[in-house]
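Asks: 3D, please:
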Amino acid sequence: MYTPIEEPSKRLSKEIIPSMRWGALISVAVEFVIAGILYGVSIYFAWPDWVNWILLFVAVVIVAGAIWSIGLRPFFVFKNTRYEVSEEFLQLKSGAFHEVYELVPMTKIQAVSTHQGPILRRFNLYSIAIETMGSSHAIAGLPKQVAIDVRNQIAHLAKIREVDE
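Replies: The predicted structure follows:
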């Protein structure tokens, strides 16, 4: 009676790459501004030299983080994130180095909603949030109509499965 479950095949929109890059760019810019302010304060108040070395180390860490979050991570997220909605399960697969494969039973889904922040709005993308009793899941980077269709499909299937049992 075992039926094999196929791996998820639906992908995120390719527009997720520039939207993630813009979000990371804003975060990195804020980090650099804070580090610059701290450096200026350290010079103004003549803090000990070791503080400047720590701030230099922080700047190097920010640059390394920027290379990852702006340059590499968006591509890996797009390339390795998949989802699938079936009558029994919501399947989520993500991760390039540490692969995560989640099966969420439709009977356990309690709420599903769409979200759109200012960066996603700029690229006309939506994020879907799926809530269960013990966890929450998300599918970010779907075009508007796809996100609405997936949200409605999940809501419909979760309700039908709940009523049948």
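Asks: helices and strands of the protein: which one has the lowest mean pLDDT?
Replies: helix 144-164 (a mean of 83; mean pLDDT, DSSP states H and E).
Asks: list the buried residues in it.
Replies: Val146, Ala147, Val150, Arg151, Ile154, Leu157, Ala158, Arg161 (16 or more other C-beta atoms under 10 Å). Yep, even glycine has a C-beta here, placed from its N, CA and C like the rest.
Asks: any chance you could map the helices in this structure?
Replies: 16-44, 49-66, 73-80, 118-122, 144-164 (DSSP state H).
Asks: Thr107 is nearest to which of these?
Replies: helix 144-164 (4.8 Å; C-beta to C-beta).
Asks: ok, back up a step: just the buried residues of helix 144-164 now: which is nearest Ala35?
Replies: Nearest to Ala35 among the buried residues of helix 144-164, with distances taken as C-beta to C-beta, is Ala147, at 36.4 Å.
Asks: what sits against the closest one?
Replies: Taking C-beta atoms under 8 Å, 6 or more residues apart in numbering as the criterion, Ala147 is in contact with Thr114, Leu125, Tyr126, Ser127, Ile128, Ile139.
Asks: roughly how far apart are it and His137?
Replies: The gap separating Ala147 from His137 is 14 Å, by C-beta to C-beta, to the nearest Å.
Asks: do the same with Ile37
Replies: On the measure of C-beta to C-beta, Ile37 and His137 end up 38 Å apart.
Asks: what of Arg121?
Replies: Taken as C-beta to C-beta, the span from Arg121 to His137 is 22 Å.
Asks: got any ranges where this structure has weak pLDDT?
Replies: Counting by pLDDT under 70, the chain shows low-confidence ranges at 1, 160-165.
Asks: let's check: the centremost residue of it is which one?
Replies: Ala140 (5.7 Å; C-alpha atoms, centre = their mean).
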